[in-house]
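Visitor: One predicted model, sequence on top.
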Amino acid sequence: MCIRDSINAEYMGVNPCTKGLWLWKRPLKFAVEDKEELVVLVVDTEGLGAFDKDERHDMKIVLLGLLLSSLMIYNTVGSIDEGALNSLSLVVNIARELQMNNSNERLDEDEFASNFPSFLWVLRDFSLQLTDTQGNSITAKQYLEEALAPQRGSSEIVEEKNRVRKLLKHFFADRDCATLVRPVE
(Lines give C-alpha, C1' and ligand atoms only; values in the text may rest on other atoms or scores of the structure.)
Protein backbone atom coordinates (compact mmCIF):
# COMPACT_ATOMS: atom_id res chain seq x y z
CA MET A 1 0.00 0.00 0.00
CA CYS A 2 1.32 3.46 -0.83
CA ILE A 3 1.59 6.05 1.93
CA ARG A 4 -0.30 8.62 -0.09
CA ASP A 5 -3.03 6.13 -1.00
CA SER A 6 -3.52 4.91 2.57
CA ILE A 7 -5.57 7.99 3.39
CA ASN A 8 -8.43 7.34 0.97
CA ALA A 9 -7.99 4.01 -0.76
CA GLU A 10 -5.89 0.90 -0.89
CA TYR A 11 -3.33 0.40 -3.62
CA MET A 12 -2.76 -3.16 -4.62
CA GLY A 13 -0.51 -3.99 -7.54
CA VAL A 14 2.98 -4.74 -8.75
CA ASN A 15 3.79 -1.27 -10.03
CA PRO A 16 5.56 1.16 -7.71
CA CYS A 17 3.46 4.10 -6.63
CA THR A 18 6.24 6.54 -5.72
CA LYS A 19 8.06 8.20 -8.60
CA GLY A 20 11.04 10.28 -7.58
CA LEU A 21 10.46 11.92 -4.19
CA TRP A 22 7.13 12.38 -2.48
CA LEU A 23 6.62 14.76 0.45
CA TRP A 24 3.78 14.63 2.95
CA LYS A 25 1.68 17.77 2.42
CA ARG A 26 2.04 19.00 6.04
CA PRO A 27 4.83 18.51 8.55
CA LEU A 28 3.85 16.36 11.52
CA LYS A 29 4.23 18.04 14.91
CA PHE A 30 4.90 16.19 18.15
CA ALA A 31 5.24 17.31 21.74
CA VAL A 32 8.45 16.00 23.26
CA GLU A 33 9.04 15.94 27.01
CA ASP A 34 11.11 18.89 28.26
CA LYS A 35 11.90 19.98 24.70
CA GLU A 36 10.56 22.19 22.01
CA GLU A 37 8.01 20.85 19.59
CA LEU A 38 9.42 18.23 17.21
CA VAL A 39 8.54 18.80 13.54
CA VAL A 40 8.79 15.83 11.18
CA LEU A 41 8.71 16.03 7.40
CA VAL A 42 7.93 12.67 5.79
CA VAL A 43 9.78 11.98 2.52
CA ASP A 44 9.13 8.81 0.52
CA THR A 45 11.53 7.88 -2.27
CA GLU A 46 11.22 5.62 -5.22
CA GLY A 47 12.85 2.31 -4.34
CA LEU A 48 15.87 0.61 -5.81
CA GLY A 49 15.57 -1.65 -8.82
CA ALA A 50 12.55 -0.18 -10.61
CA PHE A 51 11.80 -1.95 -13.89
CA ASP A 52 11.63 1.27 -15.91
CA LYS A 53 14.74 3.03 -14.50
CA ASP A 54 18.47 2.42 -14.45
CA GLU A 55 20.76 2.10 -11.45
CA ARG A 56 22.08 5.69 -11.71
CA HIS A 57 18.52 7.06 -11.51
CA ASP A 58 17.80 4.89 -8.45
CA MET A 59 20.96 6.03 -6.73
CA LYS A 60 20.32 9.74 -7.38
CA ILE A 61 16.83 9.50 -5.88
CA VAL A 62 17.94 7.49 -2.84
CA LEU A 63 20.99 9.72 -2.33
CA LEU A 64 18.83 12.85 -2.35
CA GLY A 65 16.55 11.25 0.24
CA LEU A 66 19.61 10.26 2.27
CA LEU A 67 20.98 13.80 2.24
CA LEU A 68 17.62 15.27 3.30
CA SER A 69 17.03 12.83 6.14
CA SER A 70 17.89 12.49 9.79
CA LEU A 71 16.49 8.93 9.68
CA MET A 72 16.67 6.63 6.67
CA ILE A 73 14.18 3.78 6.68
CA TYR A 74 15.29 1.01 4.32
CA ASN A 75 12.26 -1.16 3.55
CA THR A 76 12.82 -4.63 2.08
CA VAL A 77 10.88 -7.89 1.90
CA GLY A 78 12.03 -11.00 3.72
CA SER A 79 15.34 -11.55 5.43
CA ILE A 80 18.67 -9.75 5.11
CA ASP A 81 20.65 -11.28 2.26
CA GLU A 82 23.70 -10.44 0.15
CA GLY A 83 21.60 -8.76 -2.55
CA ALA A 84 20.04 -6.35 -0.06
CA LEU A 85 23.42 -5.61 1.53
CA ASN A 86 24.95 -4.94 -1.90
CA SER A 87 22.09 -2.61 -2.92
CA LEU A 88 22.53 -0.65 0.28
CA SER A 89 26.30 -0.47 -0.19
CA LEU A 90 25.74 1.06 -3.64
CA VAL A 91 24.04 4.01 -1.93
CA VAL A 92 27.07 4.55 0.30
CA ASN A 93 29.48 4.22 -2.64
CA ILE A 94 27.53 6.77 -4.71
CA ALA A 95 27.54 9.17 -1.73
CA ARG A 96 31.31 8.75 -1.38
CA GLU A 97 31.75 9.32 -5.11
CA LEU A 98 29.67 12.50 -4.93
CA GLN A 99 31.78 13.78 -2.03
CA MET A 100 35.06 13.02 -3.84
CA ASN A 101 33.88 14.64 -7.09
CA ASN A 102 32.78 17.85 -5.34
CA SER A 103 35.92 18.39 -3.31
CA ASN A 104 39.54 18.97 -4.21
CA GLU A 105 40.54 17.88 -0.71
CA ARG A 106 41.14 14.33 0.44
CA LEU A 107 37.93 12.69 1.67
CA ASP A 108 37.74 12.38 5.46
CA GLU A 109 35.50 9.32 5.65
CA ASP A 110 34.91 9.64 9.41
CA GLU A 111 33.65 13.21 9.03
CA PHE A 112 31.60 12.25 5.98
CA ALA A 113 30.08 9.25 7.80
CA SER A 114 29.15 11.48 10.75
CA ASN A 115 26.75 13.31 8.42
CA PHE A 116 24.84 10.16 7.50
CA PRO A 117 21.39 9.80 9.06
CA SER A 118 20.36 7.19 11.58
CA PHE A 119 19.32 4.00 9.85
CA LEU A 120 16.34 1.69 10.37
CA TRP A 121 16.06 -1.47 8.29
CA VAL A 122 12.42 -2.60 8.11
CA LEU A 123 12.03 -6.22 7.03
CA ARG A 124 8.49 -6.80 5.76
CA ASP A 125 6.92 -10.25 5.47
CA PHE A 126 9.61 -11.57 7.80
CA SER A 127 9.11 -15.26 8.61
CA LEU A 128 12.33 -16.38 10.31
CA GLN A 129 12.60 -17.17 14.01
CA LEU A 130 14.90 -14.64 15.67
CA THR A 131 17.27 -17.02 17.44
CA ASP A 132 21.04 -17.38 17.64
CA THR A 133 23.02 -20.52 16.84
CA GLN A 134 22.29 -21.90 20.35
CA GLY A 135 18.53 -21.35 19.96
CA ASN A 136 18.34 -18.31 22.25
CA SER A 137 15.99 -15.48 21.30
CA ILE A 138 17.64 -12.41 19.79
CA THR A 139 16.32 -8.97 18.88
CA ALA A 140 15.92 -7.67 15.35
CA LYS A 141 18.89 -5.35 15.98
CA GLN A 142 21.02 -8.34 17.01
CA TYR A 143 19.92 -10.07 13.79
CA LEU A 144 21.09 -7.03 11.81
CA GLU A 145 24.43 -6.99 13.65
CA GLU A 146 24.90 -10.71 12.93
CA ALA A 147 24.19 -10.07 9.24
CA LEU A 148 26.83 -7.30 9.28
CA ALA A 149 29.42 -9.44 11.08
CA PRO A 150 32.52 -10.34 9.06
CA GLN A 151 32.28 -13.59 7.16
CA ARG A 152 34.92 -16.30 7.60
CA GLY A 153 37.32 -17.06 4.80
CA SER A 154 39.98 -15.40 2.70
CA SER A 155 38.75 -15.70 -0.89
CA GLU A 156 38.17 -12.59 -2.99
CA ILE A 157 34.41 -13.12 -2.71
CA VAL A 158 34.53 -13.25 1.11
CA GLU A 159 36.85 -10.22 1.22
CA GLU A 160 34.36 -8.25 -0.93
CA LYS A 161 31.45 -9.30 1.30
CA ASN A 162 33.40 -8.13 4.35
CA ARG A 163 34.29 -4.84 2.66
CA VAL A 164 30.56 -4.21 2.08
CA ARG A 165 29.74 -5.04 5.70
CA LYS A 166 32.50 -2.81 7.06
CA LEU A 167 31.37 0.06 4.83
CA LEU A 168 27.75 -0.22 5.98
CA LYS A 169 28.72 -0.41 9.66
CA HIS A 170 30.97 2.63 9.31
CA PHE A 171 28.54 4.88 7.44
CA PHE A 172 25.41 3.79 9.33
CA ALA A 173 26.88 3.80 12.83
CA ASP A 174 23.48 4.51 14.44
CA ARG A 175 21.42 1.62 13.10
CA ASP A 176 18.50 -0.56 14.07
CA CYS A 177 16.21 -3.16 12.56
CA ALA A 178 12.50 -3.95 12.83
CA THR A 179 10.65 -6.98 11.51
CA LEU A 180 7.04 -7.14 10.34
CA VAL A 181 5.29 -10.45 9.76
CA ARG A 182 3.16 -10.89 6.65
CA PRO A 183 -0.35 -9.57 7.35
CA VAL A 184 -3.16 -12.12 7.38
CA GLU A 185 -5.56 -11.71 4.49
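Guide: All right, it came through fine.

Visitor: What sits closest to Thr179 if chain neighbours are left out?
Guide: Counting by C-beta to C-beta, 6 or more residues apart in numbering, Thr179 lies nearest to Phe126, which is 3.9 Å off, once chain neighbours are set aside. To be clear about C-beta, it is placed using only N, CA and C from the backbone, and glycine gets the same treatment.

Visitor: swap that for Leu71, please
Guide: Counting by C-beta to C-beta, 6+ apart, the residue nearest Leu71 is Ser118, at 4.9 Å.

Visitor: can you pull the contacts of the one you found?
Guide: Ser70, Leu71, Met72, Phe172, Asp174, Arg175, Asp176 (C-beta atoms under 8 Å, 6 or more residues apart in numbering).

Visitor: Show me those residues that map onto strands.
Guide: Leu71, Met72, Arg175, Asp176 (DSSP state E).

Visitor: Need the per-residue pLDDT for the second one.
Guide: I take that to be Met72. Confidence at Met72, expressed as pLDDT, is 87.

Visitor: how near is it to Gln142?
Guide: Remark: distance between Met72 and Gln142 (C-beta to C-beta, to the nearest Å) = 20 Å.

Visitor: How about the third one?
Guide: Distance of Arg175 to Gln142, computed by C-beta to C-beta: 12 Å.

Visitor: With neighbour numbers in mind, choose between the two.
Guide: Taking other C-beta atoms under 10 Å, Arg175 and Gln142 do not tie; Arg175 has more neighbours (19 against 14).

Visitor: Need the nearest residue in space to that one, chain neighbours excluded.
Guide: Phe119 (4.3 Å).

Visitor: Can you verify my assumption that Ile138 contacts Leu130?
Guide: Yes - using C-beta atoms under 8 Å, Ile138 is in contact with Leu130, at 5.1 Å.

Visitor: got any ranges where the protein has weak pLDDT?
Guide: Residues of the chain that meet the criterion pLDDT under 70 lie in 1-19, 46-55, 94-107, 185.

Visitor: all strands for it, in order.
Guide: With DSSP E as the criterion, the chain has strands spanning 21-23, 28-30, 38-40, 43-45, 71-77, 118-124, 175-179.

Visitor: Can you pull up the most central residue in the protein?
Guide: Computing the C-alpha centroid of the chain and ranking residues by C-alpha atoms, centre = their mean puts Tyr74 first, at 2.7 Å.

Visitor: distance of that one from Asp34?
Guide: Per C-beta to C-beta, Tyr74 is found 31 Å from Asp34.
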